[in-house]
Structure formats: C-alpha cells, structure tokens
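Engineer: could you work out the structure for the sequence below:
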Amino acid sequence: MDITMDITEQKRALRAELRARERTLTEAEKAESSAAICRALAALPQFAAAKTVLAFYGLPREIDTRAFLRRTLACGKTLLLPRCEPERRLSLCVVGDLDGALTEGVFGIREPTRACPVAAPETVDLALIPCVSFDRAGNRLGQGGGYYDRLLPRLRCPTVCICRDSLLADAVPVEPHDRRCSLYLTETRCFCV
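Structural biologist: Numbers count the residues shown, from 1 in each chain. Model (predicted):
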C-alpha cells in the first residue's frame, strides 16, 4: 500500500482490490463459504443465548446470509434487519417473513418495508455486521458509507463481523471513526481481539 495516499484513498484502493478478488470466486465457492459461515454463526453460544438478533440480507457480492436469517426465525428469535435512512442512519426493523417483509432499497439492498416495526439498538442481543474485509488485528473495512460505524457505538451486545477467508486483508487502514466488533468469523476461524 502506498504510504503517500491518505487513509481514505488507501481504503478505496483496498476495496477495489478485494472486490476484484471476490469476482474471481466461483458461484460454488461463494455458496460453500456462505453456508459454512452461516453454520458457524448458528453454532455460536452468543446466538444460542440471544433472543433478538440483528443481521443483514447480503448483496450478491457479499456472504449469502439467508440460511442464517431462516435459522434465526425458525429458532423463534426476533429477527431485525437494517433499513437505510437519510443521513446514513440505519433503522432496525422487526422482520417475521423474509418474502413479504422485504423490498429493494437503497444501493439495491433487500431491506424491510416501511410497514415493519422499528426496534431500539439497545434491544439487540447479537448483531451480525457486514464488511468488505477485516484483518487479524480486528480492523474492519466496510463498504464506505459509515452506516455501521454510526450504529456500532449504540449496540450493547456482542457484534460479529463476517468475511470469507479468501478476502481477509493483511492490514486494513484505520480512521478515528472506525469501530471494532466483538468477534470476527470466517469459514474456518472465529477470534476476538
């Protein structure tokens, strides 16, 4: 990484590099890693203990979280999914049905409709946090909008950042506003820092 670039430029370059790497993965590799990550999430003791779970509906380039979302609902837990709001805020919406309660929202993300009730961040027992990548020091590279960096300080629960092994970064540039998670999970490992 060029040290003459500022951190924002370094992040932009790293996102481009990792997205190019992601495009080389086959559909079978993506499906296999998504399934393994969803199984690992469902096996976490934090998931077993949680009554209210915040997750996300992955974009095609992200981890397919649908198996984990279905498992959350099947276990009788309250499932919250984020809805993008003005000023880069997220509303945490109660979703009881993955088919009828979702619509295409900002950035093409499947998100809850306006009919879904909104929950307070303090009610979340476990939060699943998306990323482009993270490094072994626990530095998370988000999509660049800052939505989750604004949400993370409001959560009082374990937070789990997920990434494919093949997309782990050697080092993620960090800015003062960047927020860490409690746990970092891939297909083959789960660690905290």
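
Engineer: strands of the protein, start to end?
Structural biologist: Applying DSSP state E to the chain gives strands spanning 52-54, 78-85, 89-95, 102-104, 110-112, 118-119, 126-129, 133-134, 140-141, 159-162, 183-185, 190-191.

Engineer: strands paired with the first one, and their directions?
Structural biologist: Yep, that's strand 52-54 we're talking about. Paired strands of strand 52-54, with direction, are strand 78-85 (parallel), strand 126-129 (parallel) (DSSP bridges).

Engineer: JSON lines for these, including mean neighbour count, distance to Arg179 and mean pLDDT?
Structural biologist: No exception for glycine: its C-beta is placed from N, CA and C like everyone else's. Formatted as JSON lines, the strands paired with strand 52-54 follow (neighbours: other CB atoms under 10 Å; distance: least, CB to CB, whole Å; pLDDT from 0 to 100):
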{"stretch": "strand 78-85", "mean neighbour count": "21", "distance to Arg179": "15", "mean pLDDT": "96"}
{"stretch": "strand 126-129", "mean neighbour count": "26", "distance to Arg179": "9", "mean pLDDT": "98"}
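
Engineer: once you drop chain neighbours, what's closest to the residue nearest the centre of the chain?
Structural biologist: In the chain, the residue lying closest to the centroid (CA atoms, centre = their mean) is Pro130, at 1.7 Å. With sequence-adjacent residues excluded and distances taken as CB to CB, 6 or more residues apart in numbering, Pro130 is closest to Phe56, at 5.1 Å.
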